[in-house]
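> Have a look; sequence and predicted model below, questions after that.
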Amino acid sequence: MSQQGYVATPPYSQAQSGMGGYPAGFGSAPSQPLYGHYGGQPQSFPVPPTGVALKVVRPSLVIAVGPPPAPISQALPTSHLAQQPFHSAPPPAMGHPPLGSPCTGPQSHRMPSPQSPPAGQPMGGPPSMGGMGRPYPGPPPPGAGGFQQFGPGAEGQPGYPQQPQGTVVTMCALISRDCPVFLPNAGRQSLTPVLFGTGQFGGQMAGPGMAGPGMAGPGMAGPGMAGPGMAGPFQGGAAQMAGPPQKKLDPDSIPSTTQVIEDDQAKRGGQVYATNVRGQVPPLVTTNFTVQDQGNASPRYMRCTTYSFPCTADLAKQCQVPLATIIKPFATVPKNETPLYVVNHGEAGPIRCNRCKAYMCPYMQFIDGGRRFQCGFCSCVNEVPAFYFQHLDHMGRRVDFYERPELSLGSYEFVATLDYCKNNKSASPPAYIFMIDVSYANVKSGLVRLICEELKTLLDNLPREEGAESSTVKVGFVTYNKILHFYNVKSALAQPQMMVVSDMAEMFVPLLDGFLVNFQESCSVINNLLDQIPDMFADTNESETVFAPVIQAGVEALKAAECSGKLFIFHSSIPTAEAPGKLKNRDDKKLINTEKEKTLFQPQKGLYEQLSKDCVAQGCSVDLFLFPSQYVDMATMGDVSTHTGGTVHKYSNFQVQTLDGEHFLSDLRKDVRKAIGFDAIMRVRTSTGFRATDFFGAVHMNNTTDVEMAAVDCDKAVTVEFKHDDTLSEETGALMQCALLYTTISGQRRLRIHNLSLNCSSQLSELYKSCETDALINFFAKSAYRAMLNQPLKTVREILVNQTAHMLACYRKNCASPSAASQLILPDAMKVFPIYMNSLMKTGPLVGSAELSTDDRAHQRLSVMAMGVEETQLLLYPRLVPLHNMDVASDVLPAPVRCSEERLTDAGMFLLENGHSLFLWLGQACTPELVQSIFNVPSLAHISLPVLDNPQSKKLRSMIEALLDQRPKSMKLLIVRQKDRSEMLFRQHLVEDKGLHGGASYMDFLCYVHREIRNLLT
């Protein structure tokens, strides 16, 4: 049986490469490979011929849902097939239906010649099927600890999707509005050129050097496309506009992210997701569901780009879908889910495989009456220690299977022994050191006073172990400008004592006893100090600051106390004082859109690199709160935080009296209170046949296997890429185990284990069916943001577009029913992948625009590197919620609408959020009643959001509070009126529209990708 995915039909044929105002970032295929990473062996795809205009279907609007089109009997001539870049599909596995149509020969699944289906032929696809089929009855597979798995089922067996699911929508009026589109007249061969409107991919992105075939120089003049005014053979007069009138494509007929999210919530929301099935695809990150751990880690901890790995490296290379897992080892779990169990084997410590060192888990198979176990990862047979022995039941399972978390659950913790501690000594509880920049700007703005006032109450809420009366975290205080001031706050003192270190070249901590103290014991001395600091520096004129010595001082203090910990640094300007780590302004807008643009994002080497290593070695994480009024070299200043599991917060042009103050304090409170582990080291083990090869995140790598993190909190995620080193077996699947060794907030050394089992298949259709778009885009965002440090942005964008085209072309070639070349066919699980990819390419870091601040671009790059799947999903497709017609009596949020200007209404009020920015947009024609009830003013002239006692105001504020509570970072609410200058900030988040700083609209990007796919397949 063949399979049909999502079909969309644009009306152009293979236009010239780089034509139509697309920057060269969307040009011909790069010479680099596209298999999930940048660089490597050249691709086997031929470069498409340029300058060829082929026949296309007459534009029309057809949306048909039904059975897939019957295969076109006329297959491509043999000579054509020999040149095709994709190999034909592998032979079907036992029990699986062949990929071609059942009634045709072996050629039926090859691509047909580019022509329309015969008249009257139905368009459509199989009815939608549930996410993953039900597990089969029957005995569990060996070594899987009793988990059920998917396998071939009888034809039509309930719960087994016989063909990958898909929707079929034919879109024939998808017009790329800026290039000559040739439209054939019915029944004739003659072609009439028609030119549509202005450039869509142009904008700021078209810089020097972006010319391509058919796209000369900066003015984009080229064959058939003259200079800026596009004078030439295609002038837009009435006489030239011959041909059939164009219907504008209804945007509702192309895949919608909001619809996909809504459908998944309707189908799987509110349900219990049990993890006892190998390779099942979890609900989307946006869906509300409850996880029941039955042997595989919760998707809150681990999500994969696909839950069915290809059996061979060749298949993986052919489809180009990256094989990766996004691991969030400390993810927050809802209150209605069980927290992790802690297993304590006493002095014996955790039980492991002797050969590969994997920890005891549900994939270990007990044999020989329970006296030995076979490792599920490397197949080594190990003796069971006497204290751990238990008899087996009639199914070969241990009698205590359900009593031991490590045998029956996917995630759990072991108490570590002294062998797992540094120098075989027990770990100490961590310390938090608050380091405040007391230079002129910070004192005068009121920031220093704000921080000191907040710390008095905040230190009562330091993180503590579940059930503990008070926190064991120690605290210390430093202030600095050109010199450092350390404070002795020992409980025995009546007044705090200050000690000054002015030699920045040889940093040391002038006191040991009394610097790091227990807050409860020294509460009065600390409060005394916090009262004095703002007054002590009230008359300062010192505007220069140091930065690197501040971090060095923190590391030295933790080293002297023999503990790990976190530095909270509150800093305002680029460090220009004469001291190690002095930085100079290197912000050069002339480098944008050149080969050297990447240097703007590269941290300055040397001292800061060494500082990162020192911090990681000591388990010292750095949280940086920056309050710049101008350039601060974010790429360098944020580098230490990024490599130590810390967070960088940036508040440009900070003003204490405005909403900025609450925004900052909210972030600080979240940072101090969040769940966290220190001095962590993570290793990902896999079963034979594949291995972890690359790691992306706020981490440090000393070697190729150990991921080191000075700290890891509930918001940090590490993206791990896998590669084949042998063939995988469909029977045993692919197993992975993430082991994280860390120090708890109370100073106990523990191992946190997360296990996951995936399917393996020799059918590409299985891989595409179990893809997860949100995880894929997390991988692509991180790999692109890393690549931009070493490659021109133009190349990075090219790679992203080409990999998108490769993945979708492979699906079409090997998995979809033959259909007209004018149709764009998307796998059901990836039907909104293009919108996310297009949105990624329009993000600040990847858009070469001089209008964007270099620091803001660098900050976003650093933030995304540590993000989990939920955060990247929301960042790349913000939520746009209409408020003007909300039901104030309902607890349910209004349904979000598509992120496009077309959805805004003059009389409407919309809330937009992406996890970093929060906007309240007001249409010009908002009703006076709505304005009065929300803002307590009759008109939109001067507005802020007051606290009012009416249903509308209460509902809106409760919605905003709920959003702020869900997100890792606080967001400042920006109220935007329609047609105001500030509306530009809001509009750049409408990701389905053309980018303000360059980048295509969603529809144009689909056109472009479709053209690239056709180039690959011909």
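Happy to help now that I have it.
> who's in contact with residue 370?
Going by Cβ atoms under 8 Å, 6 or more residues apart in numbering, residue 370 touches 384, 389-392, 398. (Each C-beta comes from the backbone N, C-alpha and C, glycine too.)
> Arrange the residues you listed in CSV, one row each, with pLDDT and secondary structure as further columns.
CSV is the format used below for those (pLDDT from 0 to 100; DSSP: H, G, I helix; E, B strand; the rest coil):
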residue, pLDDT, secondary structure
384, 97, coil
389, 96, coil
390, 96, coil
391, 96, coil
392, 96, strand
398, 96, strand
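> Top of these by number of neighbours, please.
Within those, most neighbours by other Cβ atoms under 10 Å means residue 398, with 22 neighbours.
> Name all residues that make contact with that one.
Residues in contact with residue 398 (Cβ under 8 Å, 6+ apart) are 366, 370, 390-392, 404, 407.
> just to revisit the earlier point, just send the contacts of residue 370 back as a markdown table, with distance to residue 492 too.
Formatted as a markdown table, the contacts of residue 370 follow (distance: Cβ to Cβ, whole Å):
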| residue | distance to residue 492 |
| --- | --- |
| 384 | 54 |
| 389 | 55 |
| 390 | 55 |
| 391 | 60 |
| 392 | 62 |
| 398 | 56 |
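> if we take those, which one ends up nearest to residue 860?
Comparing those against residue 860 with Cβ to Cβ places residue 398 closest, at 49.7 Å.
> now the closest one, nearest residue through space, not along the chain?
residue 390 (4.7 Å; Cβ to Cβ, 6 or more residues apart in numbering).
> Please name the residues that touch that neighbour.
370, 398-400.
> repeat that with 10 Å
Going by Cβ atoms under 10 Å, 6 or more residues apart in numbering, residue 390 touches 366, 370, 384, 397-401, 403-404, 407.
> Could you do residue 662 as well?
Residues in contact with residue 662 (Cβ under 10 Å, 6+ apart) are 656, 970, 972-973.
> out of the residues you listed, what pair is the most spread apart?
By the measure Cβ to Cβ, 656 and 973 form the most distant pair in these, at 17.1 Å.
> hey, where'd the helices end up in the stretch 201-350 of the chain?
Along the stretch 201-350 of the chain, the segments classed as helices by DSSP state H, counting those that start in this stretch run 257-268, 313-319.
> I'd say residue 584 and residue 576 touch.
Yes: the criterion here is Cβ atoms under 10 Å, and residue 584 meets it with residue 576 at 7.7 Å.
> quick one, which of the two is more surrounded?
Under the neighbour definition other Cβ under 10 Å, residue 584 and residue 576 were set side by side, and residue 576 has more, 16 against 9.
> Residue 256 versus that one, what's the distance?
Distance of residue 576 to residue 256, given as Cβ to Cβ, to the nearest Å: 50 Å.
> ok, now residue 645?
From residue 645 across to residue 256, the span is 37 Å (Cβ to Cβ).
> same thing with residue 755?
Relative to residue 256, and taking Cβ to Cβ, residue 755 is found at 35 Å.
> which ones are touching residue 513?
Counting by Cβ under 10 Å, 6+ apart, residue 513 touches 488, 490.
> That one belongs to a strand?
No: judged by DSSP: H, G, I helix; E, B strand; the rest coil, residue 513 forms no part of a strand; its state is coil.
> Read off the pLDDT value for it.
We have a pLDDT of 90 for residue 513.
> Please tell me how far it sits from residue 556.
Computed as Cβ to Cβ, the residue 513 to residue 556 distance reads 15 Å.
> now swap in residue 758 and tell me
In this view, residue 758 and residue 556 are 45 Å apart by Cβ to Cβ.
> likewise residue 578?
Distance from residue 578 to residue 556, counting by Cβ to Cβ: 21 Å.
> if you count what's nearby, which of the two comes out ahead?
Shown here are residue 578 and residue 556; by other Cβ under 10 Å, residue 556 has more neighbours (17 against 10).
> element containing that one, please.
helix 548-561 (DSSP states H and E).
> which other helices and strands contact that helix?
Other elements packing on helix 548-561 under the criterion 3 or more Cβ pairs under 10 Å, 6 or more residues apart in numbering; DSSP states H and E are strand 431-437, strand 474-480, strand 484-488, strand 565-571, helix 607-618, strand 620-626, helix 639-643.
> just to revisit the earlier point, so of the contacts of residue 662, which ones are in strands?
When DSSP state E defines the strands, the subset of the contacts of residue 662 inside them is residue 973.
> Compare the contacts of residue 662 and tell me which is most surrounded.
Neighbour max across the contacts of residue 662 (other Cβ under 10 Å) = residue 970, 20 neighbours.
> was I right about it contacting residue 666?
Yes: between residue 970 and residue 666 there is a contact under Cβ under 10 Å: 3.5 Å.
> can you list residues touching both of the two?
With contacts taken as Cβ under 10 Å, 6+ apart, residue 970 and residue 666 have residue 964 as neighbours in common.
> In contact with residue 620, which residues?
Applying Cβ under 10 Å, 6+ apart, we find residue 620 in contact with 430-431, 433, 551, 554-559, 563-567, 611, 614, 640, 644-646, 678-679, 710-711.
> Make TSV from the helices and strands packed on helix 548-561 and add distance to residue 660 and mean pLDDT to it.
Below are the helices and strands packed on helix 548-561 laid out as TSV (distance: least, Cβ to Cβ, whole Å; pLDDT from 0 to 100):
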stretch	distance to residue 660	mean pLDDT
strand 431-437	16	97
strand 474-480	22	96
strand 484-488	26	96
strand 565-571	14	97
helix 607-618	28	95
strand 620-626	12	97
helix 639-643	21	95
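> Please name whichever of those is nearest to residue 883.
Taking those one by one with Cβ to Cβ, strand 620-626 is closest: 31.6 Å.
> What is the subsequent helix or strand relative to that closest one?
The helix or strand immediately downstream of strand 620-626 is helix 634-637, counting by DSSP H and E.
> Which secondary structure element is home to residue 1016?
In the assignment (DSSP H and E), residue 1016 maps to helix 1002-1017.
> Report the inter-axis angle for that helix versus helix 257-268.
Angle, helix 1002-1017 to helix 257-268, by axes from the mean of the first three to the mean of the last three Cα atoms, to 10 degrees: 90 degrees.
> Check the average confidence over helix 1002-1017, would you?
Averaging pLDDT along helix 1002-1017 gives 94.
> Could you pull out the buried residues of it?
Within helix 1002-1017, the residues that qualify as buried are 1002-1017, counting by 16 or more other Cβ atoms under 10 Å.
> got it, and stretch 263-280?
Within stretch 263-280, the residues scored as buried using 16+ other Cβ under 10 Å are 264-265, 268, 273, 275-280.
> What is the nearest of those residues to residue 953?
Lowest distance from residue 953 to the buried residues of stretch 263-280 (Cβ to Cβ) belongs to residue 265, with 27.4 Å.
> For burial, what's the neighbour tally of the nearest residue to the closest one once chain neighbours are set aside?
With Cβ to Cβ, 6+ apart as the criterion, residue 265 has its nearest non-adjacent residue at 5.0 Å, and that residue is residue 287. Number of residues near residue 287 (other Cβ under 10 Å) recorded here: 19.
> got the contact list for residue 287?
Applying Cβ under 10 Å, 6+ apart, one finds that residue 287 lies in contact with 261-271, 273.
> give me the element the nearest residue to residue 705 once chain neighbours are set aside is part of.
Take residue 705 and drop its neighbours on the chain: the residue closest to it by Cβ to Cβ, 6+ apart is residue 683, 5.9 Å away. Per DSSP H and E, residue 683 falls inside strand 676-686.
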